[in-house]
Structure formats: C-alpha cells, structure tokens
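K.L.:
sequence and predicted model, in that order:
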Amino acid sequence: MSEGGDNGDERKGSGMKQIQVAIDGPSGTGKSSVSKLVAKQHGWGYLDTGAMYRALTWWCLDQDVDLDDGPAVTDASKSFDLQMGTDPSNPTVAVGDRRIDAEIREPELTRQVAKVATNLEVRANMRERQRALMQQLAEQTGGVVAEGRDITTVVAPDADVRILMTASEEARLARRSKELSSTVEATRSQIVDRDKADSTVSQFMTAADGVTLVDTSELTFEESLAAVLQIVQGARRD
Ligand SMILES: Nc1ncnc2c1ncn2[C@@H]1O[C@H](COP(=O)(O)OP(=O)(O)O)[C@@H](O)[C@H]1O
Ligand SMILES: Nc1ccn([C@@H]2O[C@H](COP(=O)(O)OP(=O)(O)O)[C@@H](O)[C@H]2O)c(=O)n1
C-alpha cells in the first residue's frame, strides 16, 4: 500500500474535527490548482486521484502490459507499488523509488489513460487505495482535499464537503491549450474524447444530490479559489 506522503504532522489531527473535502469535475475546471491551495491554506494533505490512474497507465506501459488486456491491467492495479506524495506544495508520484511526475503528464499517456480508468475492476482497486489514503491524511494532518471524477459520488460520498467544479467547454479548452501551449483544436479532440470515455464510468458533468456546484466559466482563478474556500469554511463551522 502506498504511503500517505510527507506532510504528516500528527499533532494537527488530535482532538480536532477531521475534514474531508471531495472535489470532482472535468478537465480544465480548476480542480487541481484550487484543491492544492485549499489544502495548503489549511495544512491538510492533498490527493490527486487522476495522478493515480495516470501512474497505473505509466506502469502498465513500462511493464509491457497491454492496456486492452483488462485482467492484466487489473492485476497490475492490485500489485503496483504506488507512492503518492501528498504535500500540496510539492505533490509527487512514484512507483517504487522511480519518480514519474513528468512522464504521467505526457500527451501520449494522457491519450491512453481512459483505457485504464474505464476498467471497473481497476476502479474498485483504486477506490480502496484512495479511501485508505484519504483516511490516513485526515488522521495525520486534520484534513484532506481529494480531487478527481468520482470522489463526491463513489470514493467519499460521505465527505464533509462535496463540490463539483464545472466550466464551459470553451473556457476549459482555452485554459488547457494555454497551459499546454497547444492549439484549441488539438486540445479539443483530446479533452472531448477523454470526457466522453470518462463519462461512461463516472458521473461528473452534473452535480449529484448534496454536491455543491461551482461554475468557474466566468470566474478568475482567484474567484474560483475564494468560492471553494467559502464552502469549506461553512462546513468547518457546522
Ligand atoms: N477560474 C479560472 N480562470 C482561469 N484559469 C484557470 C481557472 N482555474 C484554473 N485555471 C487555469 O487552468 C488550467 C487548468 O487548471 P487545473 O487546476 O489543472 O484544472 P483541472 O485539474 O480541473 O484539470 C491551469 O493552468 C490553471 O491555472
Ligand atoms: N477519480 C478519477 C480521477 C481521474 N480519473 C481518470 O484519470 C484521468 C486523468 O485525470 P486528471 O485529473 O489527471 O485529468 P485532468 O482533469 O487534470 O485533465 C481522467 O481523464 C480519468 O480517465 C478517473 O477515472 N477517476
């Protein structure tokens, strides 16, 4: 089982309410950047669940596991030695002692990750890892912010805070193409295809019952952050 990371101040957890924050949404809505800052401001752990699916994809490719061979990918998902670094100021991903932070962001890997993420047995294994890490981080640091596609609905439906970040396709494409220095058209085919494949196994385009919607289409990054922080503050007062 993977380690919970490097920001574990055991004292922070003692006697205080532990807060679990779950944030979902499609690509380019601001999940990762907002989640990291929310976690950092509170001294909590940060879990990038998309990075976990990316890491499994990298491991399968590295080990010559055919991504279309469902049972083989499932076996890999059970046994691979995933190490998630969960400090929001410096999140890291490794398999064993091999750091793969850059490799998992490569466009070719990004194109393939949905093959792995649409395997339901893989999802069941990843869900267990994700729940264990969230629990461990909440105990160690007093809170956790976990982001992905199915955290509010499947991984942590009982989280104290559940947020779905959305944004128009236009806004998401503009942000991603700027970030990747690619054209909007090249980014469109990648993102639209990935959203479509991801939507076959997770429901992240509309907010489920009890999930608060934050539409960032017309917001600056700072406004998106403020909106999420306000929701988190509200839950801490409850
Ligand atoms: N509200 C916003 N307005 C403008 N740019 C944003 C906003 N939220 C995020 N960004 C930028 O868009 C890009 C994608 O954000 P990211 O947090 O990686 O999204 P996600 O995790 O949902 O894919 C980043 O470059 C980020 O700085
Ligand atoms: N909870 C999650 C998180 C990610 N994923 C998968 O992992 C991929 C990469 O997630 P990511 O969060 O890094 O992607 P971006 O939203 O940053 O583009 C997604 O396209 C999904 O296929 C998932 O299935 N479930």
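P.N.:
Done, it's in. Ligands and ions are numbered 1, 2, ... in the order given.
K.L.:
which stretches in the chain count as helices?
P.N.:
Shown for the chain, the helices assigned by DSSP state H span residues 10-13, 31-42, 49-62, 70-79, 107-117, 120-141, 169-180, 184-199, 221-237.
K.L.:
nearest to ligand 2, of those helices?
P.N.:
Closest to ligand 2 of the helices of the chain is helix 49-62 (Cβ to the nearest ligand atom; 2.2 Å). Placement of C-beta: from N, CA and C, glycine included.
K.L.:
the closest one vs helix 107-117, what angle?
P.N.:
Here helix 49-62 runs at an angle of 100 degrees relative to helix 107-117 (axes from the mean of the first three to the mean of the last three Cα atoms, to 10 degrees).
K.L.:
work out the gap between helix 49-62 and the centre of the chain.
P.N.:
13 Å (Cα atoms, centre = their mean, to the nearest Å).
K.L.:
how about stretch 210-221?
P.N.:
The chain centre lies 17 Å from the centre of stretch 210-221; the measure is Cα atoms, centre = their mean.
K.L.:
quick one: buried residues of that stretch?
P.N.:
Under the neighbour-count criterion of 16 or more other Cβ atoms under 10 Å, stretch 210-221 has 211-212, 214-216, 219 buried.
K.L.:
okay, these in TSV with distance to Ala167 next?
P.N.:
Output for the buried residues of stretch 210-221, formatted as TSV (distance: Cβ to Cβ, whole Å):
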residue	distance to Ala167
Val211	16
Thr212	15
Val214	9
Asp215	7
Thr216	5
Leu219	8
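K.L.:
need the contact list for the residue of the chain found nearest ligand 1.
P.N.:
Residue nearest to ligand 1 within the chain: Gly30 (2.9 Å; Cβ to the nearest ligand atom). Gly30 makes contact with 165, 167, 175, 216, 221, 224, according to Cβ atoms under 8 Å, 6 or more residues apart in numbering.
K.L.:
torsion angles phi and psi at it?
P.N.:
phi 110, psi 10 (degrees, to the nearest 10).
K.L.:
49 is where my numbering starts, stick with that
P.N.:
Sure thing, new numbering starts at 49, so read that last one as Gly78.
K.L.:
what does the protein have sitting close to ligand 1?
P.N.:
Taking Cβ under 6 Å from any ligand atom as the contact definition, the chain meets ligand 1 at 73, 75-81, 223, 227, 264, 267-269, 272.
K.L.:
of those residues, which pair is most distant in space?
P.N.:
Ser75 and Thr268 (18.8 Å; Cβ to Cβ).
K.L.:
any regions of the protein where pLDDT drops low?
P.N.:
For the chain, applying pLDDT under 70 flags the ranges 49-63.
K.L.:
return the residues of it in contact with ligand 2.
P.N.:
Applying Cβ under 6 Å from any ligand atom, we find that the chain lies next to ligand 2 at 75, 80, 97-99, 101-102, 161-162, 165, 196-199, 242, 246, 250.
K.L.:
what about 8 Å?
P.N.:
72-77, 79-80, 96-102, 152, 158, 161-162, 164-166, 171, 174, 178, 195-199, 203, 224, 239, 242-243, 245-246, 249-250 (Cβ under 8 Å from any ligand atom).
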